[in-house]
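A.B. asks: Predicted model follows, preceded by the sequence.
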Amino acid sequence: MSNYLATLSFLGGAYKGFERQKKYKTIQGEVERALSSLLGEPSFIHGAGRTDAGVNAKGQTFSFISKRNIQDIDSFIYAFNRLLPSDIAVTSLKEVPSNFDARHSCMGKVYSYAFYLGKKDPYLSFTTAYFGERNFDYEALKKTLLLFVGEHNFRDFTTKAEDKDSFIRNVTSITFNKDYAIKDKVSVITFKSNGFMTYQIRIMMGSAFKVALGQMSLEDIKIHLATNSRHIISYKTPANGLTLEEVIYG
């Protein structure tokens with residue numbers, strides 16, 4: 001028996017998220033179907049986490065057990081990808097210790113959110129959120145997002161009902177690409193944390209957009225971060241702008 005860690009890239013638009021579901025097509029379902037065919041036995045994977053419907057990934061990871069040792073990694077990846085749909089690809093594979101688990105061994109994640117304003121470009125639709133042509137305060141957006149850096153209680157920024165860590169997460173950095181705030185250019189914001197909860201980044205982005213459009217204030221955001229009572233923010237940005245870039249291991 002051998003334990004393996006794989007890295008996965010995918011476009012999430014055609015799937016109901018990562019996690020296996022009986023009635024819907026998912027990333028996990030497609031990967032397990034291909035892996036079972038390749039290994040000649042029922043195979044199940046353990047993902048580093050669940051991505052929502054429509055969310056993309058460049059660096060999602062999963063681990064799996066194989067009864068046989070995989071001798072030629074490159075040939076295995078090639079055969080694996082031939083069995084996968086065109087919008088899913090395994091990009092790397094390596095053997096790991098028997099006690100390794102893609103989810104529980106994870107120490108953090110890096111996500112990016114891409115969006116643009118101005119002229120509509122259909123070629124960006126799979127990986128970039130479009131917000132039309134409107135008056136928009138990029139500086140207010142940036143100031144809002146930087147409020148999230150550090151350790152905070154994010155109970156108002158997730159729809160998750162309960163959390164074993166009391167909704168506390170440490171966002172270690174939020175960075176902005178060189179074309180950020182240039183009209184008709186794609187703005188990319190990168191988030192790094194020890195973990196993210198359901199819809200957390202999309203709700204943080206949604207809140208920042210509300211401030212940038214003059215519909216919320218910086219003080220409103222500070223209150224949501226400091227309050228002891230829970231008032232979940234309802235607005236979240238579209239899923240297609242969000243990409244899981246990297247899963248961090250020790």
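C.D. replies: Sure thing, it's come through. Numbering: from 1, shown residues only.
A.B. asks: helix/strand/coil for Met204?
C.D. replies: Three-state call for Met204 (DSSP: H, G, I helix; E, B strand; the rest coil): helix.
A.B. asks: Pull stretch 61-77 out as PDB, backbone CA atoms only.
C.D. replies: Backbone C-alpha positions of stretch 61-77 (Å, rounded to 0.1, in the frame of the first residue of the first chain) are rendered in PDB as follows:
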ATOM      1  CA  THR A  61      -4.400  18.900  -3.700                       C
ATOM      2  CA  PHE A  62      -5.700  15.400  -2.900                       C
ATOM      3  CA  SER A  63      -4.200  12.300  -1.400                       C
ATOM      4  CA  PHE A  64      -5.100   8.700  -2.100                       C
ATOM      5  CA  ILE A  65      -4.000   5.100  -1.300                       C
ATOM      6  CA  SER A  66      -2.900   2.700  -4.000                       C
ATOM      7  CA  LYS A  67      -2.400  -1.000  -3.500                       C
ATOM      8  CA  ARG A  68       0.500  -0.900  -6.000                       C
ATOM      9  CA  ASN A  69       3.500   1.200  -6.100                       C
ATOM     10  CA  ILE A  70       3.500   3.700  -9.000                       C
ATOM     11  CA  GLN A  71       6.900   3.300 -10.700                       C
ATOM     12  CA  ASP A  72       6.700   5.800 -13.600                       C
ATOM     13  CA  ILE A  73       5.100   9.000 -12.300                       C
ATOM     14  CA  ASP A  74       5.100  10.800 -15.600                       C
ATOM     15  CA  SER A  75       3.400   8.000 -17.500                       C
ATOM     16  CA  PHE A  76       0.800   7.700 -14.700                       C
ATOM     17  CA  ILE A  77       0.000  11.400 -14.900                       C
END
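A.B. asks: tell me which residues in it are buried?
C.D. replies: Buried residues in stretch 61-77, defined by neighbour count with 16 or more other Cβ atoms under 10 Å: 61-64, 66, 70, 76-77. (Glycine included, C-beta is placed from N, CA and C.)
A.B. asks: how far does it sit from the chain's center?
C.D. replies: 24 Å (Cα atoms, centre = their mean, to the nearest Å).
A.B. asks: which residues of this structure fall in strands?
C.D. replies: 2-10, 46-47, 56-66, 88-96, 106-116, 129-130, 150-153, 168-176, 187-193, 242-249 (DSSP state E).
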